[in-house]
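Chemist: kindly generate the corresponding structure for this input.
(one chain, ligands or ions: 1)
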Amino acid sequence: MSFGLILGQERAKTVLQAGLTAGRLAGAYLFVGPPGVGKRFTARQFVKAINCIEPGTGGDSCDRCAPCRLVEKGDFPDLYAPEAQGGKLTKGTSGDGERSGLGEILPRLHFAPLMGKYKVVILDPADGLTPEAGNMLLKTVEEPPPKTLFILVATVETAVLPTLVSRCQKVRFTPLGVDQVAQYLRQQRSLAPELAETVASAAQGSIERALGLCQSRLLEQRAELVDFLLSLFESSLADRTATSLTMLGTGKAEREFLDRVRAVGRMLARDLLHASAGMDRAGWLLADRAREIERLAGQLQRQGVLRFSGVLDEFSRGVERNENPKNLLHFLGNRLHALATGSLAG
Ligand SMILES: [Zn+2]
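Modeler: Numbers count the residues shown, from 1 in each chain. All right, here's what the predicted structure looks like:
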């Protein structure tokens, strides 16, 4: 049941299910692959399947028994998932809470499981272990207490201690296709097909990011973001800078805002293309803004509309490379203004 909820990752699922059905589990697994493609989600499903009282075909969890329900709620007593502090997993100190550091968790693994078949430790991010924590872990993984299983979750394999990697069964996770993410958004989030496609392509194959976009008030803020983008074409440098800074926010909000600009920018680009081709408004993503979009399409002409898509691509790549958000918005504003005044060469 739960393995069916994992999007894509057929190879990873096959590896895990083979171990479950053969009753031969590794002592440690390394889940490795790009961010936001389901490693953590899969780890939870795997913990359920390992401890399920009545597993079904392919060793999958029943999702009804006590262990399954407790894992789902995050209350399973045999699951240890130390929290990273500032992106690092540490040894911890006895003062900083019950489940916080490896130093508190590892000694407890010498006791029998409280409820399940295995005690499971999820280490995420395993590529963010402090050297002290890594060495401590290595000792335990080399001589694991009975009925203990480790799941290391990492983005970059080479950043995990090689001696640890060599003790793990590797399970590789691959980026998801835009089509797969779009299909998920249509089926699980009931997004309209064209909207699902736009969000999926803005999320670049990361389901985590796509869901973030869905939750991030993207849909409610669409009007505000269209206003913002349209204003970039028209306003002076000083106004563009002031508006950008107000909209951008600070800290974590900055990245989310850039993702939303990207997503709505793509919607606008798509509708501009439709407008310049004189297509029916019925399939537009921003049909409520059709008049403004048609006016802009007329102003930019076909060439400018195509260049707008190119500018967005460049902006997107900057977002991917984690470039400075203020610089990126400054770049976008300058380019759009140049497009509107016909001064963008090339
Ligand atoms: Zn179960």
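
Chemist: contacts only, for the nearest residue to G33 once chain neighbours are set aside.
Modeler: Spatial nearest neighbour of G33, chain neighbours left out: F173 (2.8 Å); criterion: CB to CB, 6 or more residues apart in numbering. Where C-beta positions appear, they are placed from N, C-alpha and C, glycine not excepted. Counting by CB atoms under 8 Å, 6 or more residues apart in numbering, F173 touches 9, 12, 31-34, 37-39, 42.

Chemist: and the stretch 1-150 of the chain, which residues reach the ion?
Modeler: 52, 61-62, 65, 68 (CB under 5 Å from the ion).

Chemist: buried set for the strand or helix carrying L312?
Modeler: In the assignment (DSSP states H and E), L312 maps to helix 290-320. If you call a residue buried by 16 or more other CB atoms under 10 Å, then helix 290-320 has these buried ones: 293-294, 296-297, 300, 304-305, 307-309, 311-312, 315-316, 318-319.

Chemist: what sits up against the host helix or strand of R209?
Modeler: Per DSSP H and E: R209 is located in helix 207-215. For helix 207-215, contacts defined as CB under 8 Å, 6+ apart pick out 7, 35-38, 176, 181, 184-185, 189, 191, 199-200, 202-203, 256, 259-260, 263.

Chemist: can I get the buried part of those residues as one PyMOL selection?
Modeler: Burial among the contacts of helix 207-215 is assessed by 16+ other CB under 10 Å; the matching PyMOL selection reads:
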select buried, resi 7+36+37+38+176+181+184+185+191+199+200+202+203+256+259+260+263
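
Chemist: how far away is S244 from the ion?
Modeler: In this view, S244 and the ion are 51 Å apart by CB to the ion, to the nearest Å.

Chemist: quick check, that residue in contact with K326.
Modeler: Yes - with contact defined as CB atoms under 8 Å, S244 reaches K326; the gap is 7.3 Å.

Chemist: can you pull out the helices in the stretch 151-300 of the chain?
Modeler: Along the stretch 151-300 of the chain, counting by DSSP state H, counting those that start in this stretch, helices occupy 162-165, 178-189, 193-202, 207-215, 222-234, 237-248, 252-276, 290-320.

Chemist: mind putting those helices into TSV with mean pLDDT?
Modeler: Shown next, in TSV, are those (pLDDT from 0 to 100):
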stretch	mean pLDDT
helix 162-165	92
helix 178-189	88
helix 193-202	82
helix 207-215	82
helix 222-234	90
helix 237-248	86
helix 252-276	89
helix 290-320	93
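
Chemist: helices and strands around the following helix or strand past the helix holding L312, which ones?
Modeler: Reading on from helix 290-320 to the C-terminus, the next helix or strand found by DSSP H and E is helix 325-340. Using 3 or more CB pairs under 8 Å, 6 or more residues apart in numbering; DSSP states H and E as the contact definition, the elements that helix 325-340 packs against are helix 222-234, helix 237-248, helix 252-276, helix 290-320.

Chemist: using a markdown table, lay out these together with distance to G134.
Modeler: Listed next are these as a markdown table, based on distance: least, CB to CB, whole Å:
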| stretch | distance to G134 |
| --- | --- |
| helix 222-234 | 43 |
| helix 237-248 | 37 |
| helix 252-276 | 28 |
| helix 290-320 | 29 |
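
Chemist: identify whichever of these lies nearest to L164.
Modeler: Each of the helices and strands packed on helix 325-340 has some distance to L164 by CB to CB; the shortest is helix 290-320, at 29.1 Å.
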